[in-house]
Each structure stands twice: as C-alpha cells, then as structure tokens.
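next one to model:
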Amino acid sequence: MSDDPSSAPATLIQRLAGTVGPVIRFFDSPVWARYADPDVANLAVGNPQDLPLPAYVSALERALRPQDKDWFAYKMSEPRSRATVARTLTSRTGLEYDPLDIQMTNGGFAALAVTLRAIVEPGDEVIFLSPPWFFYELLIVAAGGTAVRLKLDPPGFDLDPGAIAAAITPQTRAIIVNTPHNPSGRVYPAADLAAIGALLESASQQNGRTIHLIADEPYNRILFDGRTFHSPAEVYPGTITTYSYGKTLLAPGMRIGYIAVPPTSPDRAALRESLFVAQIATGYAFPNALLQHALEDLEQLSIDVGALERRRDRLVAAMREQGYETTMPEGTFYIMAKAPNVDDEAFALTLAEHDVLVLPGTVVELPGWFRISLTASDRMIDHAIRGFAAAREAQAVAAR
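Next comes the predicted model:
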C-alpha cells in the first residue's frame with residue numbers, strides 16, 4: 001500500500017465538492033462579484049429583481065398571527081398543508097392523491113435529497129438528464145448512489161427513449177426527469193412521458209423492483225404559449241413528484257415544497273415510512289410553521305407568467321437579430337444562448353464588462369452556451385439587449 005496521501009481514496013466531501021466545482025468557481029468569479037451592482041443587468045440566476053408579490057406578503061402576515069399555543073411549535077407535515085397539496089394535485093392530474101402520501105419539505109432541494117435518501121441503496125444507479133440543475137449529481141452521490149448522465153442535445157433537448165433504455169442496468173434505481181426542463185425550457189409532452197413510462201415498467205419487471213421516476217416539477221406552472229403541463233405521474237405509477245413553491249412565487253429564500261406519491265404507486269405503503277424517516281435523517285427537512293400555515297393562500301398565487309413570456313419574446317427576437325443562436329423556451333424562466341466564441345466562461349466575462357451577468361453553460365454541463373434568467377426586470381432586459389450587442393461586437397473585433 002502506498003504511503004503517498006495523494007493516493008488515498010477521496011473522502012465523501014471531496015467527492016461531493018468535485019460534483020459542484022464549476023458552480024463554486026462561478027460564484028467565486030469576477031462575474032458574480034458584481035451581482036449587487038445597481039448598474040448591471042443581472043440575468044445570471046432566478047432571483048427576484050422586483051419587490052415580492054403584495055398578496056404573498058399579506059398571506060405571510062395573516063399566517064403570522066398565532067391561533068393556538070402550538071402555532072410555532074415543532075412541525076412535521078401538517079394535515080392542512082398536506083390536504084391542500086393533495087387537492088391541488090388531484091385537480092391537476094386527475095389522480096386521487098391521499099394527503100398521507102404528501103410529505104411537506106423545506107423546499108425542492110430538500111424534497112430531492114429526502115427522496116433519494118429514501119430509495120437509494122449503496123451500489124444503486126440514478127440516471128439524470130444533462131444539462132441538469134446544478135445539484136443532481138451531488139444529491140445522488142450524497143445518498144450513496146452512482147450518478148449516470150443522459151445527455152440531451154441542443155438546441156432541441158429532446159428525450160430519447162432509446163438512450164434511456166441503453167442507460168438502464170440491473171442496478172438502476174431511479175431516473176430524474178425535470179419538466180419543464182431547467183435550463184432548456186422544454187416542456188415534455190405526454191406522449192414522450194408515456195413512452196418512458198412503458199420502458200420503465202418493462203425494465204422494473206425485468207429487474208425485479210420498481211425503477212422510480214422522480215418527476216422534478218418546480219416550474220410546472222410557468223408555461224408559455226398556452227401550453228398544458230402533464231406530469232409523469234399521470235402515465236407511470238412508479239413516479240415520485242418533487243416540487244418547490246419558490247419558482248411560481250419567485251421567493252426562493254422562503255423554502256417550502258413537497259414530495260408526492262401517487263395513489264397508483266406499487267410501493268406506496270413502504271414509501272410513506274421510508275420518506276418520513278429520510279426526512280428526519282436528512283436533518284429534519286420539514287418546512288417551518290409559518291409557510292405551512294400560509295399554504296392555502298400561497299397555492300392561489302403566481303408571478304406574472306405573461307410578463308415572463310413577453311420578456312422571452314423580446315429578448316429572443318433581439319438576440320437572434322444580433323446573430324445569436326438561442327432556444328425558445330416553452331416554460332421555466334430561462335433562455336439558453338450560444339456563446340459566439342465557444343468559450344462560455346470567457347464570454348460571460350466579456351458580457352460582465354458590458355454590465356450584463358449571465359450563467360456560463362459550463363456550470364450546467366453545456367459548455368459553449370450560456371443561460372439567461374427572465375426574472376430580470378424590464379429595465380434590465382433593455383440594458384441587456386444593448387450589452388449583448390456590444391459584447392458580440394467586442395468579440396468580433398478581438399477575433400480579427
């Protein structure tokens with residue numbers, strides 16, 4: 001055995017750090033150092049750039065008034081909030097959700113962490129779509145699983161049932177499907193989800209255990225062009241849905257979400273117990289009292305999706321006219337655009353020099369592209385259009 005410390009196996013923390021290296025690098029970069037500068041157009045992440053919805057603030061104020069001595073006592077998944085979610089899901093999917101199959105969580109991050117800890121055993125594989133949300137690989141590894149990437153090709157980012165079938169092995173325990181998809185904005189149609197469900201049903205029978213489809217749906221109410229959203233739970237019984245209210249309400253720091261198991265699930269009884277235990281083992285991943293008390297009111301609220309759509313239309317048209325290749329998102333609040341010089345991190349620096357902040361595609365495993373958030377204010381969008389033109393011209397001059 002070698003005495004060289006560098007030859008020792010990586011610790012779990014070292015392995016986890018390796019999964020988020022580009023994320024850490026971005027948030028320690030000169031680009032992000034300007035995030036609070038009032039002179040920049042901050043299109044880098046999905047943070048609010050205007051004051052919160054007045055109705056959101058009012059809902060929290062009403063919920064803040066104690067109605068009994070236990071109003072702010074320890075809370076798990078409260079009956080009223082579970083019932084609220086079950087009613088909403090039943091209305092949206094046509095499935096009769098049982099409140100006991102709803103686990104309230106401390107945001108979508110916790111919902112994913114708890115779900116993976118509840119179902120993954122050492123040696124299990126979990127497939128995820130790439131480009132992904134930043135932290136899928138980290139959460140899979142933290143749960144003791146092996147992360148398996150399934151690449152989606154730009155600019156369509158289509159799901160390929162054949163590629164999914166090729167990625168499944170006897171060790172496959174789950175696949176994470178994010179729809180509407182961050183960062184591409186794709187909203188996957190019911191036919192595609194049904195094809196994947198049929199494939200997973202067959203593979204589950206062959207493997208002798210359920211391959212879960214984790215439907216990560218925090219953007220399922222942010223849809224453009226009159227689209228209708230379909231959840232994988234509608235077509236595949238082995239679905240576990242995770243959700244965050246932080247996107248629809250554009251209040252990502254007020255963390256509340258849920259895990260939902262459909263009434264059709266073959267593992268329903270076992271999941272009730274394992275999810276509950278995983279919530280405690282994950283660090284008491286239940287949401288706080290105030291947000292649960294306010295949930296009935298919060299369920300009725302949404303940011304102005306029409307305003308997001310108008311920003312999308314304006315920005316995509318302007319950038320394409322300037323010569324950029326961009327996506328036309330069907331949902332979420334992100335646009336992907338191709339960096340004119342291929343090096344997305346270098347181009348993000350160029351944009352920052354012109355007072356526009358974007359997220360380099362390398363952070364979401366899509367080098368050569370960059371992501372734009374439509375949660376920027378209209379004033380920022382105006383500023384950004386000018387900045388995109390100036391940065392592209394500066395890049396062209398530098399290349400001569």
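
so for Gln395, what's the pLDDT?
We have a pLDDT of 84 for Gln395.

for the host helix or strand of it, buried residues please.
Element membership for Gln395 (DSSP states H and E) is helix 378-399. Judged by neighbour count using 16 or more other Cβ atoms under 10 Å, the buried positions of helix 378-399 are 380-381, 383-385, 387-392, 395. Heads up, the C-betas are built off the backbone N, CA and C, glycines and all.

and which of these is nearest to Pro161?
Distance ranking of the buried residues of helix 378-399 against Pro161, using Cβ to Cβ, places Phe388 first at 36.4 Å.

report the contact partners of that closest one.
Residues counted as contacts of Phe388 (Cβ atoms under 8 Å, 6 or more residues apart in numbering) are 318-319, 322, 324, 351, 356.

how far away is it from Val316?
From Phe388 over to Val316 the distance is 11 Å, taken as Cβ to Cβ, to the nearest Å.

repeat that for Ile256.
With Cβ to Cβ as the criterion, Ile256 and Val316 are 32 Å apart.

ok, and the closest non-adjacent residue to the residue most central in space within the chain?
A centroid search over the chain (Cα atoms, centre = their mean) returns Trp133, at 5.2 Å, as the residue closest to the centre. Excluding the flanking residues, the one nearest Trp133 by Cβ to Cβ, 6 or more residues apart in numbering is Asn182, at 5.4 Å.

in this structure that neighbour contacts Gly331, no?
No: using Cβ atoms under 8 Å, Asn182 is not in contact with Gly331; the gap is 9.4 Å.

overlap in contacts of these two?
Common neighbours of Asn182 and Gly331 are listed as Tyr219 (criterion: Cβ under 8 Å, 6+ apart).

identify all contacting residues around whatever helix or strand Arg62 lives in.
Following DSSP H and E, the helix or strand that holds Arg62 is helix 54-64. Helix 54-64 is contacted from outside by 249, 251, 254, 290-291, 293-294, 297-298, 301, using Cβ under 8 Å, 6+ apart.

re the thing from before, local confidence estimate at the residue nearest to Trp133?
Asn182 is given a pLDDT of 98.

now do Val342
Here, the pLDDT recorded for Val342 equals 80.

what do you get for Ala337?
pLDDT, Ala337: 98.

how about it: which residues does it bridge to?
Applying DSSP bridges to Ala337 gives these bridge partners: Thr326, Phe370.

report the contact partners of it.
Counting by Cβ under 8 Å, 6+ apart, Ala337 makes contact with 319, 324-327, 358, 369-372.

if we can go back for a sec, and the residue nearest to the centre of the chain, what does it touch?
Contact partners of Trp133, counting by Cβ under 8 Å, 6+ apart, are 178, 182, 216, 364.

pretty sure it is in a strand, no?
No: counting by DSSP: H, G, I helix; E, B strand; the rest coil, Trp133 is located in no strand; its state is coil.
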